[in-house]
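Visitor: I need the structure of the sequence given here:
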Amino acid sequence: MASAAETRLAALFTVIEAISGPAAERNLVLPEDVPDGGLLILRDGDPGEPEIAMSPLSYHYAHAAELEIFVQGSTNDAAFDALKVAVGTAIAADRTLGGLCDWVEAGAPAPSELPSPGTYPVKAAVITVTLSYATSDPLA
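Guide: Numbers count the residues shown, from 1 in each chain. The predicted model follows:
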């Protein structure tokens, strides 16, 4: 049986995988190549310190997962913007991940251009996706 955090990260990854166009990976080492359509990499991030409620005992997390976006090509700006909007739309479609979270919220990315010798630069950013949820055991 998966832990509370893993269950929610897997559900978020399912949402990310369903976005049409980009390749989606989880905890992938930094890519050497960006496929056509872009690349999304979900990283587990940090659950942070929980707020603890005593009756009944529950641990309330604001788990900050990281979603990395990569695009490369002659239309970097438009492709990046379209992919960012697609991510936002996918997350907004089910802000509770089927009832697993109290709320899921994506933060604004800070894009940067990464040089790539002999070809177009890679436009990349990290989006922090906060998963708010409670569990009865921080290790369960």
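Visitor: Just say helix, strand or coil for the residue nearest to Ala64 when sequence neighbours are not counted.
Guide: Closest residue to Ala64 apart from its sequence neighbours, by CB to CB, 6 or more residues apart in numbering: Gly45 at 4.8 Å. Yep, even glycine has a C-beta here, placed from its N, CA and C like the rest. Put simply, Gly45 is strand when judged by DSSP: H, G, I helix; E, B strand; the rest coil.
Visitor: Quick check: Gly45 vs Tyr61, distance?
Guide: For Gly45, the distance to Tyr61 (CB to CB, to the nearest Å) stands at 11 Å.
Visitor: quick one, longest strand in this protein?
Guide: strand 57-72 (DSSP state E).
Visitor: For whatever helix or strand comes next after that one, buried residues please.
Guide: For strand 57-72, the following helix or strand on the C-terminal side (DSSP states H and E) is helix 76-92. Using 16 or more other CB atoms under 10 Å as the test for burial, helix 76-92 gives 76, 79-80, 82-84, 86-87, 90-91.
Visitor: helices and strands around the helix or strand that comes right after helix 76-92, which ones?
Guide: With elements assigned by DSSP H and E, the helix or strand that comes after helix 76-92 is strand 103-106. Here strand 103-106 touches helix 76-92, strand 122-135, going by 3 or more CB pairs under 8 Å, 6 or more residues apart in numbering; DSSP states H and E.
Visitor: Now the first one: average pLDDT?
Guide: Spelled out, that is helix 76-92. For helix 76-92, mean pLDDT rounds to 96.
Visitor: residue furthest from the geometric center of the chain?
Guide: The outermost residue of the chain relative to its centre, with distances by CA atoms, centre = their mean, is Ser55 at 31.9 Å.
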